[in-house]
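Q: Here you go, sequence then predicted model.
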Amino acid sequence: MSGEAFFDSNVLVYAYDGADARKQRIARGLIDVYSPVFSAQVLSEFYWVVTRKLAVPAAKAEAAVAKLRAFPVQPITAALVAAAIHTARRHRLAYWDALIVEAAVGAGCSVLLSEDLATGSAIRGVMVANPFA
C-alpha cells in the first residue's frame, strides 16, 4: 500500500512520543510507506501537543514543523470551514474531525490515517484507517 495519505495530528504526535514504542515505530514507518499530506490545522495541533503534553522544547518542535512543511499542506480556508460544518452535521462528527476530513478531501487524498475516527469508514470518499489498530 502506498500513495498519498492524509495524516491526522495524532499520528504525527506518536512519531515524536517515545512513551509507546510500538506506536512510535508504526507512525515513523508510515512516512516511508505513504506520501504524507497535512493541513495547517494538523501542524498547529502537532506543535501544541508536543510542546504542552510531551514537553518538547519549542525550538525543537518548531524545527519539526519546518521539516513537515516540506510535504503538501492543505490550507484552512473559509470554504473549507463551511464544508466542515456541513460534514460535521451530516455525518455527526465533531467539527475538528470534520475539518480534518474536508482537508483530506480538498487535498485529493483517498486515505485518512487517524486514531480518532472509526477505522474502515468512508466519509466523503475518504477511507479512514487507524494504523495502530
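A: Sure, I can see it. Residues are numbered from 1 along each chain as shown.
Q: rest of the way, CA atoms for contacts and neighbours
A: Will do.
Q: what are the ranges of the helices in this structure?
A: 9-16, 21-33, 40-52, 58-68, 78-91, 95-106 (DSSP state H).
Q: what angle do the fourth one and helix 9-16 make?
A: In terms of direction (axes from the mean of the first three to the mean of the last three C-alpha atoms, to 10 degrees), helix 58-68 departs from helix 9-16 by 120 degrees.
Q: Against which helices or strands is helix 58-68 packed?
A: helix 40-52 (3 or more C-alpha pairs under 8 Å, 6 or more residues apart in numbering; DSSP states H and E).
Q: if we can go back for a sec, include distance to residue 113, mean neighbour count and mean pLDDT when you put the helices of the chain into TSV, please.
A: Output for these, formatted as TSV (distance: least, C-alpha to C-alpha, whole Å; neighbours: other C-alpha atoms under 10 Å; pLDDT from 0 to 100):
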stretch	distance to residue 113	mean neighbour count	mean pLDDT
helix 9-16	7	21	94
helix 21-33	9	15	93
helix 40-52	12	18	97
helix 58-68	16	14	97
helix 78-91	18	16	97
helix 95-106	10	23	97
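Q: Dump the ones you listed into JSON lines; add distance to residue 120 as well.
A: Converted to JSON lines, the helices of the chain look like this (distance: least, C-alpha to C-alpha, whole Å):
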{"stretch": "helix 9-16", "distance to residue 120": "17"}
{"stretch": "helix 21-33", "distance to residue 120": "17"}
{"stretch": "helix 40-52", "distance to residue 120": "21"}
{"stretch": "helix 58-68", "distance to residue 120": "26"}
{"stretch": "helix 78-91", "distance to residue 120": "15"}
{"stretch": "helix 95-106", "distance to residue 120": "14"}
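Q: Fine, thanks again, bye for now.
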